[in-house]
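S.K.: fold the following.
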Amino acid sequence: MELPVVDLSRYLLQSSTGESDPTQLGTDLIDSCREVSRILKETGALLVKDPRCSAEDNDRFIDMMETYFSKPDEFKRLQERPNLHYQVGVTPEGVEVPRSLVDEEMQERFKTMPDEYKPHVPKGPDHKWRYMWRVGPRPSNTRFKELNSEPVIPEGFPEWKDVMDSWGYKMISAVEVVAEMAAIGFGLPKDAFTSLMKQGPHLLAPTGSDLSCYNEEGTIFAGYHYDLNFLTIHGRSRFPGLYIWLRNGEKVAVKVPVGCLLIQTGKQIEWLTGGECIAGMHEVVVTSKTKDAIKLAKEQNRSLWRVSSTLFAHIASDAKLKPLGHFAESSLASNYPAIPAGEYVEQELSVINLKGKEASS
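M.R.: Prediction:
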């Protein structure tokens, strides 16, 4: 199955004219908004083309991260901040634990899946490094200071802040447009989601997996899991391997066209829609196509680090997660009691091993 691509250009053009009333958008744009909400509901994933986010921007970012991840482990560990839940700086390989490794209910669900749709079963932590870089302003007054910490910049990368901020701001801008379109499509006010995202702990969080070490088919880089945030956005990776599960249980390999971005639903949008959207399950593994890409990279003398240009867009830590508008009346709304977003994030981080004893003291 090929995911449809939604071009954001027309919505951006309409927004630039100052037209903010959804009822004045015109039938075509309203239909596009409904299409966005429908795809997010049915698949948990959406491909978008945003004229502000070019393939060259993505390449510049990935080039820098390939250089960083190829540095010695002892250099990278200088940017490690376990006392801050690894929410800034680097998370070394072997720290993040996939939810499916510790969630018994998820493990039981595996047994009921048809063989062709079953995920790879993780046997330990993920074979990936990750770098967390905060994007956008943070609140001056918050209950969740450790989720809103100062950024960490590695030595020897004078372009670091510019590249990270530039790509991060472009991707968060794309998420905001999708969030507006989804809100309109769901019959909510245009700013229903974006107003809650203001000063959220958004994180540009690229991963790096060393394909010179881990290249056997079936090797797991990110075990079967959902994202705990609102929406996740990725640029195109240079090595395939991402699988998603549609709402009907079907497992699909994702192909991101050049110049496009992939958006996935996280747990916070599930909360805000009372289960109308559910957090999309996904995994990243070495496939035969990954091996083909490794072979080509070797022939072209390119880096063998698989970098994902991932950004986690969050609801503000002090904002309440609860079903919005008409979703509060749904039969599933009681499954989503009101909770501060930051409190929910901390609960999830504890489960996946990113909030240690030090961090909770």
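S.K.: which regions of the protein sit below the pLDDT cut-off?
M.R.: 1, 18-23, 146-149, 351-361 (pLDDT under 70).
S.K.: how about the helices in it?
M.R.: Using DSSP state H, the helices found in the chain span residues 9-16, 27-43, 55-69, 73-76, 99-102, 104-112, 160-185, 194-197, 267-272, 288-299, 341-351, 357-360.
S.K.: and these, which is most packed in?
M.R.: Each of the helices of the chain was scored by mean neighbour count; the highest is helix 267-272, a mean of 25, by mean count of other Cβ atoms under 10 Å. Yep, even glycine has a C-beta here, placed from its N, CA and C like the rest.
S.K.: helices or strands next to that one in the packing?
M.R.: Here helix 267-272 touches strand 320-321, helix 341-351, going by 3 or more Cβ pairs under 8 Å, 6 or more residues apart in numbering; DSSP states H and E.
S.K.: that older thread, out of the helices of the chain, which is closest to N215?
M.R.: Among the helices of the chain, the nearest to N215 by Cβ to Cβ is helix 288-299 (5.8 Å).
S.K.: tell me the helices and strands packed up against that closest one.
M.R.: So helix 288-299, by 3+ Cβ pairs under 8 Å, 6+ apart, packs with no helix or strand.
S.K.: how far is it from where the chain is centred?
M.R.: In terms of Cα atoms, centre = their mean, to the nearest Å, the centre of helix 288-299 is found 25 Å from the chain centre.
S.K.: pull the CA atoms of that helix into PDB?
M.R.: C-alpha atoms of helix 288-299 as PDB (Å, rounded to 0.1, in the frame of the first residue of the first chain):
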ATOM      1  CA  SER A 288      16.500  -7.000   2.200                       C
ATOM      2  CA  LYS A 289      16.000  -3.400   0.900                       C
ATOM      3  CA  THR A 290      18.100  -2.100   3.700                       C
ATOM      4  CA  LYS A 291      20.800  -4.500   2.700                       C
ATOM      5  CA  ASP A 292      20.600  -3.300  -0.900                       C
ATOM      6  CA  ALA A 293      21.000   0.300   0.300                       C
ATOM      7  CA  ILE A 294      24.000  -0.700   2.400                       C
ATOM      8  CA  LYS A 295      25.600  -2.300  -0.700                       C
ATOM      9  CA  LEU A 296      25.000   0.800  -2.800                       C
ATOM     10  CA  ALA A 297      26.400   3.100   0.000                       C
ATOM     11  CA  LYS A 298      29.500   1.000   0.200                       C
ATOM     12  CA  GLU A 299      30.000   1.300  -3.600                       C
END
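S.K.: got the contact list for it?
M.R.: 211, 215, 217, 238-241, 253, 303-304, 306 (Cβ atoms under 8 Å, 6 or more residues apart in numbering).
S.K.: quick one: which of the residues you listed is nearest to I269?
M.R.: Once Cβ to Cβ is applied, the member of these that ends up nearest I269 is A253, at 23.3 Å.
S.K.: ok, the closest one to G325 distance?
M.R.: 35 Å (Cβ to Cβ, to the nearest Å).
S.K.: what does E35 give?
M.R.: For E35 relative to G325 (Cβ to Cβ), the value is 20 Å.
S.K.: now do P4
M.R.: In terms of Cβ to Cβ, P4 sits 26 Å off from G325.
S.K.: could you measure from the spatially most central residue of the chain over to G325?
M.R.: In the chain, the centroid-proximal residue (Cα atoms, centre = their mean) is T232; its distance is 2.5 Å. Separation of T232 from G325 (Cβ to Cβ): 23 Å.
S.K.: how about R109?
M.R.: 30 Å.
S.K.: likewise for H85?
M.R.: 32 Å.
S.K.: and these two? Which one has more around it.
M.R.: Between H85 and G325, counted using other Cβ atoms under 10 Å, H85 has the larger neighbour count: 22 against 15.
S.K.: wait, that one touches L349, no?
M.R.: Yes. Taking contacts as Cβ atoms under 8 Å, H85 lies within contact range of L349: 5.3 Å.
S.K.: turn the helices of the chain into CSV, including distance to K320.
M.R.: Supplementary listing: these in CSV, determined by distance: least, Cβ to Cβ, whole Å:
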stretch, distance to K320
helix 9-16, 27
helix 27-43, 21
helix 55-69, 33
helix 73-76, 37
helix 99-102, 24
helix 104-112, 25
helix 160-185, 17
helix 194-197, 9
helix 267-272, 10
helix 288-299, 41
helix 341-351, 7
helix 357-360, 22
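S.K.: of the ones you listed, which approaches F221 most closely?
M.R.: Short answer: helix 288-299, nearest of the helices of the chain by Cβ to Cβ, at 9.3 Å.
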